[in-house]
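1. turn this into a model:
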Amino acid sequence: MALVKGVDRIQGIMVQKGNPLSIRGVEDLPRVSYVNRQRGAGTRVLLDYKLKQAGIDPESIKGYDREAATHMAVAAAIQGGSADAGMGIASAAAAMGLDFIEVGPEEYDFAIPVRFLSLPHVKRFLETLGSSEFRKRVEQLGGYGTSKTGQILYLDEVKG
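-> Below you'll find the model as predicted:
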């Protein structure tokens, strides 16, 4: 198996411009209204992990059970005033004119069987990932990093 490095992105809490409720982190979520990502989403997994670390019961958060399918849907709910906060990515917050409180980075990578790396469409995909044009466009979105994009790690190289 080959692990092809994709992009890094920053996950965080999106809030109204100016952060009128002075939200600093997950510890403040029980005092505001929230919109969540759907079960199984990486963003939701990260939130649940951070809540557990902080000793916060998810049921103490008003709106924890309100789910949105995309980062942009979360951002739209906040921008529209139906929620005070929600987890998402920096580019969604920027697109909707929201403030963003960083919670942590994540890596978005691709697992590809080594035998498929020589297929024409996979080669084109890898060429696109490695291109300066792709990196430029991704970085223009804001909140993404491409320092490792396109690097290939093989299963025997990935330890720990």
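2. okay, now the sheet partners of the host helix or strand of I13, with direction.
-> With elements taken from DSSP states H and E, the one containing I13 is strand 2-15. Partners of strand 2-15 in the sheet, by DSSP bridges, are strand 85-89 (antiparallel), strand 99-112 (antiparallel), strand 144-145 (antiparallel), strand 152-154 (antiparallel).
3. of the ones you listed, which approaches R66 most closely?
-> Counting by CB to CB, R66 lies closest to strand 85-89 out of those; the figure is 9.0 Å. Every residue, glycine included, has its C-beta placed from N, CA and C.
4. comparing the strands paired with strand 2-15 by mean pLDDT, which bottoms out?
-> Of all these, mean pLDDT reaches its minimum on strand 144-145 (a mean of 88).
5. may I see the buried residues of stretch 23-35?
-> With burial defined by 16 or more other CB atoms under 10 Å, the residues of stretch 23-35 counted as buried are I23, V26, D28, L29, P30, V32, S33, Y34, V35.
6. ok, now stretch 89-103?
-> By neighbour count with 16+ other CB under 10 Å, stretch 89-103 contains the buried residues 89-96, 98-101, 103.
7. and stretch 125-136, by the same measure?
-> Along stretch 125-136, these residues count as buried under the neighbour rule (16+ other CB under 10 Å): F125, L126, L129, F134, R135.
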